[in-house]
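*Asks:* here's a sequence, model it:
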Amino acid sequence: LVGNLTVTSLALSCGTLSVGGNTLALSTLSGSGTLGTSSSSSLVFNGTISLSSSITSLNSLTISNGVALTLNANLELSTLIMNDSTTATTLFLNGNKLTVDVSASGNSSSLSTIYSGKTADNSNNTAYGDGSLIINNSNVNISNLAFSFCDTSNIFVYGSIVGTGLSFNTNDSGSYGANIYAYNSSSGHNVSVSISNSNFSNAGADNSGGAIYIKNGTLTISGTTFYNDGAEKGGAIFLDSGTTASISICTFTGNSASSNGGAIYVSSGATASIYGCTFQNFVSDSQAYTYSEYGGAIYTNGATTINSCTFYLNIAGEDGGALYIAGGSTTVLSSTFYENSSTWVQIGSGGAIYVANGATLTVNASTFAENNTIDNGSSSSGAAIYAASGSTLILENSILAENGTGGATDLYVGSSTHSSGYNIIGFDL
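*Replies:* Numbering: from 1, shown residues only. Have a look, this model is predicted:
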């Protein structure tokens, strides 16, 4: 095409349709009944494109530098290439769903910038309304992804996604994972999510994982901020069974869960490695009663390692101001717990950490200071660590100091306990 073209119906059975710097407006596309039924069919868009009908089985869609593609209907394809450049290749979902499935071809896809909303403000990169990116059995790389004020999960992952520089703001998904929902079903999808240098803010889910929910997959997150996300379980992240997660150099601020795990929930059968992260989930008096019942920052029933992390001003409505260990084995290394607290009208235990019956906690080279348990104005035991009857606590080379008020002890042990190295417990700093 060397000029603009507007058509009501276009049939393409094979080959390549190239739009050279012009505008192509389509109402209906078909190729032997459906566009792209031939594996050689593809579209190359070098102009401004507006798709007004659903498209299925498209082999390849390439959008060149500086082009804006607007979807006014759902789009399904195997390979999507959006060439990244300073002129901003952009996809507007307009409340529709983009499905990328390369299960047949095995190709990878790359996305540059996506706006999800029904209307978009390009001046400040925000968008409004519904819209979702669905990834089926695909390897997709995403950069500079922006979602705002949406009413469904932004990204559904049944394949592999690598994202950097992503921005999510104010979304309510319904039940699971307002921003990213990743699930490995019985059909054998290889689910993998890798996110770096991104921001998740003000997301909410009714059930699990305010920002991210993943089951039977691999999650890797680094250099990312989670702010004011919320859910019933796992205010920011929910790691369901069969998941292996690595979370490093991240900041969790003002996240909350109405039940368990203000920032992160680790299910039985999941494995989590958390390194160099900061957790501060109480940020103002206005949020005084939005904290979790159990585990102000983390609730774990799986295998969890916490290394070189800081827990500050986390609050649990009942037990485990920063960390609640319901089961499994948890190791805490070289971490700091400061001014965390558990509170309830009857009893609050484990100002920093609560270890439940049947759970195991190993603490090495860590510091606990000015943590507290509050019981309707008074204090109860285990201001730093509360190890319940039937639990196992291994304490090594750590400091528990200046925790508790009103006679509360730094450490309460109703369990099997092993102390080694040089622990300092119960003195004023």
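
*Asks:* so where is the stretch 301-429 of the chain shaky, pLDDT-wise?
*Replies:* Applying pLDDT under 70 to the stretch 301-429 of the chain flags the ranges 344-347, 375-380, 406-407, 427-429.

*Asks:* also the stretch 1-150 of the chain?
*Replies:* Ranges of the stretch 1-150 of the chain meeting pLDDT under 70: 1-3, 11-74, 76-97, 100-132, 136-139, 143-150.

*Asks:* and with 50 instead?
*Replies:* Low-confidence segments of the stretch 1-150 of the chain, defined by pLDDT under 50: 31-40, 84-88, 104-107, 117-130.

*Asks:* who does whichever strand or helix holds Leu395 touch, helix- and strand-wise?
*Replies:* Element membership for Leu395, per DSSP states H and E: strand 392-396. Other elements packing on strand 392-396 under the criterion 3 or more C-beta pairs under 8 Å, 6 or more residues apart in numbering; DSSP states H and E are strand 360-364, strand 385-387, strand 416-420. No exception for glycine: its C-beta is placed from N, CA and C like everyone else's.

*Asks:* the shortest one pairs with which strands, and in what direction?
*Replies:* Partner strands and pairing direction for strand 385-387 (DSSP bridges) are strand 353-355 (parallel), strand 411-413 (parallel).

*Asks:* and Leu98, which of those strands is closest to it?
*Replies:* strand 353-355 (43.4 Å; C-beta to C-beta).

*Asks:* contacts for the closest one?
*Replies:* 294-295, 316, 319-320, 322-325, 332, 337, 342, 361, 363, 382, 384-388, 391-393, 415 (C-beta atoms under 8 Å, 6 or more residues apart in numbering).

*Asks:* buried only: go through those residues for me.
*Replies:* Those of the contacts of strand 353-355 that meet the buried threshold are 294-295, 316, 319-320, 322-325, 332, 337, 342, 361, 363, 382, 384-388, 391-393, 415, by 16 or more other C-beta atoms under 10 Å.

*Asks:* hmm, Ile399 is touching Phe368, no?
*Replies:* Yes. Assessed by C-beta atoms under 8 Å, Ile399 is found in contact with Phe368 at 6.8 Å.

*Asks:* neighbour count for the two, which is higher?
*Replies:* Between Ile399 and Phe368, counted using other C-beta atoms under 10 Å, Phe368 has the larger neighbour count: 29 against 19.

*Asks:* surely that one is within a strand?
*Replies:* Yes. Checked against DSSP: H, G, I helix; E, B strand; the rest coil, Phe368 lies within a strand.

*Asks:* what's the spacing between it and Ala178?
*Replies:* 33 Å (C-beta to C-beta, to the nearest Å).

*Asks:* pick the most deeply packed of the strands paired with strand 385-387.
*Replies:* Of all the strands paired with strand 385-387, strand 353-355 has the most neighbours on average by mean count of other C-beta atoms under 10 Å, namely a mean of 32.

*Asks:* low-confidence ranges in the stretch 151-300 of the chain?
*Replies:* 284-289.

*Asks:* tell me who's in contact with the nearest residue to Phe279 once chain neighbours are set aside.
*Replies:* Spatial nearest neighbour of Phe279, excluding adjacent residues (C-beta to C-beta, 6 or more residues apart in numbering): Ala297 at 3.9 Å. The contact partners of Ala297, by C-beta under 8 Å, 6+ apart, come to Phe252, Gly261, Gly262, Ala263, Ile264, Phe279, Asn281, Phe311, Asn314, Ala322, Leu323, Asn340.

*Asks:* rerun at 7 Å
*Replies:* Contacts for Ala297 (C-beta atoms under 7 Å, 6 or more residues apart in numbering) come out as Phe252, Gly262, Ala263, Phe279, Asn281, Phe311, Asn314, Ala322, Leu323.

*Asks:* the third one: neighbour count?
*Replies:* Residue neighbour count, defined by other C-beta under 10 Å, stands at 35 for Ala263.

*Asks:* SS state for the residue nearest to it when sequence neighbours are not counted?
*Replies:* Once flanking residues are discounted, Ala263 sits nearest to Phe252: 4.0 Å by C-beta to C-beta, 6+ apart. Per three-state DSSP, the secondary structure class of Phe252 is strand.

*Asks:* my read: Phe252 touches Phe279, true?
*Replies:* Yes. The pair Phe252 and Phe279 qualifies as a contact (C-beta atoms under 7 Å) at a distance of 4.8 Å.

*Asks:* what residues are shared contacts of these two?
*Replies:* Residues within reach of Phe252 and of Phe279 at once, by C-beta under 7 Å, 6+ apart, are Ala263, Ala297.

*Asks:* dump the strand holding Leu395 to CSV, restricted to CA.
*Replies:* This file holds the C-alpha atoms of strand 392-396, laid out as CSV (Å, rounded to 0.1, in the frame of the first residue of the first chain):
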residue,chain,number,x,y,z
THR,A,392,11.4,-25.8,66.9
LEU,A,393,13.6,-22.8,67.3
ILE,A,394,17.3,-22.6,66.5
LEU,A,395,18.9,-19.3,67.6
GLU,A,396,22.5,-18.5,66.7
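
*Asks:* what is the neighbour count of the residue nearest to Ala263?
*Replies:* Phe252, neighbours per other C-beta under 10 Å, totals 29.

*Asks:* what's the answer for Ser9, then?
*Replies:* Ser9: 10 neighbours (other C-beta under 10 Å).

*Asks:* tell me who's in contact with Gly414.
*Replies:* Gly414 neighbours (C-beta under 7 Å, 6+ apart): Ala387, Ala388, Ser389.

*Asks:* go again with 6 Å.
*Replies:* Ala388, Ser389 (C-beta atoms under 6 Å, 6 or more residues apart in numbering).

*Asks:* please consider this matter closed, and thank you.
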